[in-house]
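> Would you be able to build a 3D model of this:
(chains A and B)
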Amino acid sequence: MVKADGSLDNASFAVEARQLSRDYVSSKRSHLVGKKKTTVIRALDHVDFEIQEGELFGLLGPNGAGKTTTVKILCTLLEPTGGRAFVKGYDVVKDAARVRKIVNMVAGGERMLYYRLTGRENLKYFAELYDVPKREIVSRVNTLLELVGLSERADDEVEKYSKGMKQRLQICRGLINDPEVLFLDEPTLGLDVNIAKDLRKFIREKIVEEQGKTVLLTTHYMYEAEELCDRVGFINKGKLIAVGRSDELKRKLPTGFSIEVLVTRLTDEALDDLKQIEPVKKVLTTAFEGEVEGEKIDRLIVNVSSDSAVSDVLNCLSAQRCRVVSVNIRGPTLEDLFMFFTGE
Amino acid sequence: MFWRVVAAEIDKNLKQFFFTSRIVFWTLALPLGNGLYLYFLYLPFAAKSVSLEFNASWYTLDLVGFTLIGQLLYTFFTMMLLAGTIFERDREQGTLEALLLSPANRLAIILGAALASALNYVWFLFGILLSWVAFLGVKIIISDFLALFASVVLSYVAMVTIGMCFEAFVIYSRRGVMFATLMQEPVMFFSGLAFPLQAMPRTLLSISYLIPLTFGLLSLRLTLLGGATLPDVAVPLMILSLMSVVFLLLATWLIDYAERNAKKKATLTQF
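Residues are numbered from 1 along each chain as shown, chains lettered A, B, ... in the order given. Alright, predicted model coming up:
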């Protein structure tokens, strides 16, 4: 398990990545008989990390950062172009067959299920593929369906399921072989708030705490990782830029806290003026979907070193005729951390 | 473990294929119409009877039965060619990842998928056969049931192994349907499906003898309609057995190669 200081104890790791790299090569002709143009995209760039047994590790980063590539390599669906990776000590390339027996993966979105089969038929089919003992299949399928609350709809075709139900069934599929290591690749993608919240609770309480499984969760929802993970790793443009417990990482932030301001009529001049205020260390604007009285809302995150800056920030915005919709003063979040580490 | 995976794969594919009763009806009705079309197309230009090629030129068969067997086996062959589309569907709906994530034997998965396609076909094969006997008066002359059984089984096995090669090819190429469609017309022409191979120029016959369907057609026509015995069909049956072994070995190699290559090139989950 993870020690209080954020370091890992000496027990063998459930997952290890050593200098893991992956390049994607694509060739394209400009026209039918044109010369082929080859492009190489480095999706993973010498990534190193390890996950302890029974740990819930979060791999965080924006879309295209390399999260899914990492997961695919670790569960043997993709070969690395450099470096090595191990699951429970088995090399994911050389011992792929052994790795497949002890891992499973759940991906976000509506994939990895047969829509014309019922939920129960899907699970039975995958149980056969994983060589679950015949006498255990029925009870295991029933237990899993019960666990995710799908027992009543188990005999309906999956195409009749809602998105949330499909995702819960996917979790069952991921647990059908009782894996020692479970990879969850954006498991709450596209789910509404309440269902995503329930799913997160299920992952933490049932999969990690009750069943003691090792989980690697990838997400670009920072609050999700904050709520769930023992440790997190930030990945951006294929590089792992920081790994640790979130409270440990937060201490690395140079500023004490953040002021989150929802504002309309935000101008570049206002942003420039904000940066001139003495205790302000960093000003970031992030996307916010919403309008007030027909005006688009912008979300400002201002990292400050002193609480005296709050009134200065608000005065500055007011002087620039910006309309403040709400103000929230808070400690640093993983999102702040990510922006700090990536500068984005 | 191997046969459990095969059985699970057959069960899954049959459930997916026959998911409505309309599918059951149309898979029965469409080949029948196509067979009638072939029969009436050739009827005005041919004698009522045709003689066979290869080592069986002394047999003369009724044209109706001749085209019927051609139609039945060709439909089967096409279904096996299209068996690869099972994996294209898997790829598109994201289930190919889930399949290949599992430790299940790849050959078992592919064999299961090919057998499911074969079973889709077999259930209505006898229905068509009976309706042709009843409505078009096909004369069934069976002298040696063992020869008929061997002809059916070996034709079936040879074509299932070809289907397996195509499925493995789909994992590799992502162009299964296009390739299968491209194959259909030449196979139809060269195999002697609708006309006797005696009509084919000698130079083109060598291509015909590379296609297992040619030998399947020959042995089934002889044993089902011509009353041939096992020694009469020994040569085509031996060739079918040899082809089955070759295609099975090729499928095994291709599956392994295809998966390794797809993992390297990251094409496993693209479509």
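> For chain B, give me its nearest residue in chain A.
A:Arg111 (2.8 Å; Cβ to the nearest Cβ). (C-beta placed from N, C-alpha, C; glycine too.)
> what's that residue in contact with, if anything?
By Cβ atoms under 8 Å, 6 or more residues apart in numbering or on different chains, the residues touching A:Arg111 are A:Gln170, B:Gln93, B:Gly94, B:Thr95, B:Glu97, B:Ala98.
> Dump those into TSV; add distance to A:Phe340, neighbour count and pLDDT as well.
Shown next, in TSV, are those (distance: Cβ to Cβ, whole Å; neighbours: other Cβ atoms under 10 Å in any protein chain shown; pLDDT from 0 to 100):
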residue	distance to A:Phe340	neighbour count	pLDDT
A:Gln170	34	25	91
B:Gln93	40	18	78
B:Gly94	35	16	81
B:Thr95	40	21	88
B:Glu97	35	19	86
B:Ala98	37	26	89
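> out of the residues you listed, which one sits closest to B:Ala114?
In terms of Cβ to Cβ, no member of these lies closer to B:Ala114 than B:Thr95, at 17.3 Å.
> before we move on, back to that, show me the two of the contacts of A:Arg111 that sit farthest apart.
A:Gln170 and B:Gln93 (12.7 Å).
> How about A:Leu175, nearest residue that isn't a chain neighbour?
For A:Leu175, ignoring the flanking residues on the chain, the nearest one in space by Cβ to Cβ, 6 or more residues apart in numbering or on different chains is A:Leu144 at 5.8 Å.
> Am I right that that neighbour falls within a strand?
No. Per DSSP: H, G, I helix; E, B strand; the rest coil, A:Leu144 lies outside any strand segment and is helix.
> Surely it and A:Gly174 touch.
No. Taking contacts as Cβ atoms under 8 Å, A:Leu144 lies outside contact range of A:Gly174: 9.6 Å.
> show me the residues around A:Lys282 that make contact.
A:Thr255, A:Val302, A:Asn303, A:Met339, A:Phe340.
> which pair in these spans the largest distance?
Across the contacts of A:Lys282 (Cβ to Cβ), the longest gap, 13.2 Å, separates A:Val302 and A:Phe340.
> ok, now which ones touch the residue of the stretch 151-271 of chain B found nearest chain A?
Closest approach of the stretch 151-271 of chain B to chain A (Cβ to the nearest Cβ) occurs at B:Lys263, with a separation of 4.6 Å. If a contact means Cβ under 8 Å, 6+ apart, then B:Lys263 has A:Thr76, A:Leu77, A:Leu78, A:Glu79 as its contacts.
> doesn't the third one fall inside a strand?
No. Going by three-state DSSP, the assignment for A:Leu78 is coil, not a strand.
> Would you agree it is in contact with A:Gly66?
No. Using Cβ under 8 Å, A:Leu78 is not in contact with A:Gly66, being 11.5 Å away.
> Which neighbours do these two have in common?
A:Arg22.
> Do a quick rundown of the helices in chain A.
Listed in chain order, the helices of chain A (DSSP state H) span A:67-74, A:96-102, A:119-129, A:134-147, A:163-175, A:193-202, A:222-228, A:246-250, A:268-276, A:309-319, A:334-342.
> can you redo those as CSV with distance to A:Glu50?
Formatted as CSV, those follow (distance: least, Cβ to Cβ, whole Å):
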stretch, distance to A:Glu50
helix A:67-74, 12
helix A:96-102, 16
helix A:119-129, 29
helix A:134-147, 29
helix A:163-175, 22
helix A:193-202, 24
helix A:222-228, 17
helix A:246-250, 16
helix A:268-276, 39
helix A:309-319, 40
helix A:334-342, 19
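> Quick one: closest of those helices to A:Arg84.
helix A:67-74 (9.9 Å).
> Pull out the buried positions in the closest one.
A:Lys67, A:Thr68, A:Thr69, A:Thr70, A:Val71, A:Lys72, A:Ile73, A:Leu74 (16 or more other Cβ atoms under 10 Å in any protein chain shown).
> Please report the distance of the last one from B:Tyr37.
Counting by Cβ to Cβ, to the nearest Å, the separation of A:Leu74 from B:Tyr37 is 54 Å.
> got it, and the second one?
If you measure A:Thr68 against B:Tyr37 using Cβ to Cβ, the figure is 50 Å.
> again with the fifth one
In this structure, A:Val71 and B:Tyr37 are separated by 52 Å, where distance is defined by Cβ to Cβ.
> Quick check: residues of chain B near chain A?
Residues of chain B lying close to chain A (Cβ under 8 Å from any Cβ of the partner chain) are B:1, B:4-5, B:7-8, B:11-12, B:15-16, B:19, B:93-95, B:97-104, B:109, B:260, B:263-266, B:268-269.
> Would you mind trimming the buried residues of helix A:67-74 to those in range of chain B?
Within the buried residues of helix A:67-74, those near chain B by Cβ under 8 Å from any Cβ are A:Lys72.
> okay if I get the buried residues of helix A:67-74 as JSON lines plus pLDDT?
Below are the buried residues of helix A:67-74 laid out as JSON lines (pLDDT from 0 to 100):
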{"residue": "A:Lys67", "pLDDT": "92"}
{"residue": "A:Thr68", "pLDDT": "90"}
{"residue": "A:Thr69", "pLDDT": "93"}
{"residue": "A:Thr70", "pLDDT": "95"}
{"residue": "A:Val71", "pLDDT": "94"}
{"residue": "A:Lys72", "pLDDT": "93"}
{"residue": "A:Ile73", "pLDDT": "94"}
{"residue": "A:Leu74", "pLDDT": "95"}
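> Chain B: strands as residue ranges?
Under the criterion DSSP state E, chain B carries strands at the ranges B:49-51, B:60-62.
> no wait, the stretch 151-300 of chain A
In the stretch 151-300 of chain A, the strands defined using DSSP state E, counting those that start in this stretch lie at A:181-185, A:214-219, A:231-236, A:239-244, A:257-264, A:280-286, A:291-292, A:295-296, A:298-304.
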